[in-house]
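Engineer: Build me a model:
(one chain, ligands or ions: 1)
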Amino acid sequence: MTIASFHCAACGRAYRAERPLWRCDCGGHLNLTPGRGFARGAIVTTDASLWRYVAALALAGPPRVSLGEGWTPLVRRYWRGVEVHFKLESQMPTGSFKDRGTAVMLNHLIEVGVGPIHEDSSGNAGASIATYAAAAGIPCRVYVPAAAPRAKLVQIAAAGAEVRPVSGTRQDVTEAALVATGESFYASHNWQPFFIEGTKTLAFEVWEQLGFRVPDNILVPTGYGSNILGLERGFDELEKSGEIGARPRLFAVQAANCAAFAAAWVVGADRFVPFAAEPTVADGIATPRPIRIAEVLAALRHSRGGVVAVSEEEIAAALGTLGQIGLFVEPTAATAGAALTQLLSDRTITADQMTVVVLTGHGLKATDRIRELLGMGGR
Ligand SMILES: [Zn+2]
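Structural biologist: Residues are numbered from 1 along each chain as shown. All right, here's what the predicted structure looks like:
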């Protein structure tokens with residue numbers, strides 16, 4: 001098997017993916033070289049996990065650690081009278097979509113001989129990495145916002161990882177993790193290109209579960225944009241193999257209170273535009289400075305989709321509606337329901353189109369906040 005390679009988005013330098021690496025020597029982020037393409041004949045149909053697509057993954061061998069991640073349900077429900085497919089990434093081993101990226105990233109790092117690792121996270125990625133590190137027997141330390149939902153902190157600690165709460169903004173948490181790069185390997189899901197190699201299997205699953213068809217629209221809660229980039233990479237590979245002739249429109253959904261992509265999108269920029277960030281209940285996507293912002297904006301434009309920003313009130317309303325149709329998710333995931341309401345209202349999305357809404361995290365992650373949002377006082 002050929003060894004995959006990275007290239008730096010800033011200076012163009014190439015690296016063979018044969019040792020643990022999280023960024024270029026110039027400080028730029030690394031991207032994996034494009035995949036070769038993927039066709040349905042290569043699916044391992046007996047494997048009910050993302051490893052059914054192992055032939056498409058840039059790994060040297062079969063997985064050494066897996067908790068059965070991927071192959072999540074795609075269920076049909078009605079939203080304002082319109083049939084919609086909800087992709088339940090909330091039903092991953094640790095309750096969020098992150099397991100898709102973490103499993104592939106960690107298997108790559110194990111292949112290239114990683115030692116102890118650390119990571120910074122708003123909660124879900126930390127819980128995912130702590131859990132997979134435990135499964136692999138790798139020591140793990142996670143820097144988290146001190147104000148992260150308690151359930152997520154408990155989940156990280158229960159996996160045996162060291163939890164380091166950091167006061168301040170999400171960026172302060174990242175800075176603390178950067179300072180620690182001399183002590184252990186910075187296994188950042190936001191920097192590691194192999195995390196996106198994992199999230200690309202979301203594209204394969206949606207396509208396969210729809211009977212080898214692509215939907216017209218996919219809505220994704222978006223903080224750093226790893227699902228948008230994974231979807232683009234996955235659909236690229238299907239197109240390269242002649243499996244698909246059309247591409248879905250990709251809509252990145254953000255909380256209006258912290259919306260880096262929306263700030264750039266509304267002024268037609270192709271890079272970061274300064275904006276004022278406010279607190280939001282959608283803690284999982286409160287990202288003030290996305291690393292691959294240019295790549296994500298380009299992917300959205302290429303797909304003819306866009307960016308949707310939703311208010312705190314819209315998030316709370318969507319959370320309630322989702323719960324009442326059997327979909328108990330955390331506020332971050334409910335943003336996608338709020339965005340669907342907007343896109344149906346302005347007829348960007350219509351009833352005759354096939355639409356997939358990605359629900360990224362389980363409601364059990366944030367019961368305290370959900371209780372407040374739904375006005376369940378008293379008990
Ligand atoms: Zn570079």
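
Engineer: In terms of secondary structure, what does the helix-or-strand element of the chain with minimal mean pLDDT contact?
Structural biologist: Counting by mean pLDDT, DSSP states H and E, the weakest-scoring helix or strand in the chain turns out to be helix 170-179, with a mean of 89. For helix 170-179, the packing partners by 3 or more CB pairs under 8 Å, 6 or more residues apart in numbering; DSSP states H and E come out as strand 117-120, strand 140-145, strand 162-166. C-beta: built from backbone N, CA, C; applies to glycine.

Engineer: closest to the ion out of these?
Structural biologist: Each of these was scored for nearness to the ion using CB to the ion, and the closest is strand 117-120 (21.6 Å).

Engineer: Please state the offset of that closest one from the chain centre?
Structural biologist: Average the C-alpha atoms of strand 117-120, do the same for its chain, and the two points are 17 Å apart (CA atoms, centre = their mean, to the nearest Å).

Engineer: Average pLDDT for that strand, rounded please.
Structural biologist: Average pLDDT, strand 117-120: 96.

Engineer: for that strand, packing partners?
Structural biologist: Contacts defined by 3+ CB pairs under 8 Å, 6+ apart place strand 117-120 against helix 124-136, strand 140-145, helix 170-179, strand 185-186.

Engineer: contact partners of the third one?
Structural biologist: Read it as helix 170-179. Residues outside helix 170-179 that contact it (CB atoms under 8 Å, 6 or more residues apart in numbering) are 118-122, 143-145, 164, 166, 186, 188, 286-289.

Engineer: try stretch 37-55
Structural biologist: Defining contact as CB under 8 Å, 6+ apart, one finds that stretch 37-55 is touched by 56, 62-63, 66, 68-71, 100, 103-104, 198, 201, 204-205, 208, 212, 234, 237-238, 240-243.

Engineer: dump the residue contacts of the closest residue in space to residue 298 that isn't next to it in sequence.
Structural biologist: The shortest distance from residue 298 to any non-neighbouring residue, by CB to CB, 6 or more residues apart in numbering, is to residue 270 (6.9 Å). Shown in contact with residue 270 (CB under 8 Å, 6+ apart): 264, 294, 297-298.

Engineer: residue ranges for the helices of the stretch 151-300 of the chain, please.
Structural biologist: Taking DSSP state H, counting those that start in this stretch to define them, one finds helices in the stretch 151-300 of the chain at 170-179, 193-199, 201-209, 226-240, 260-266, 293-302.

Engineer: Good, wrapping up.
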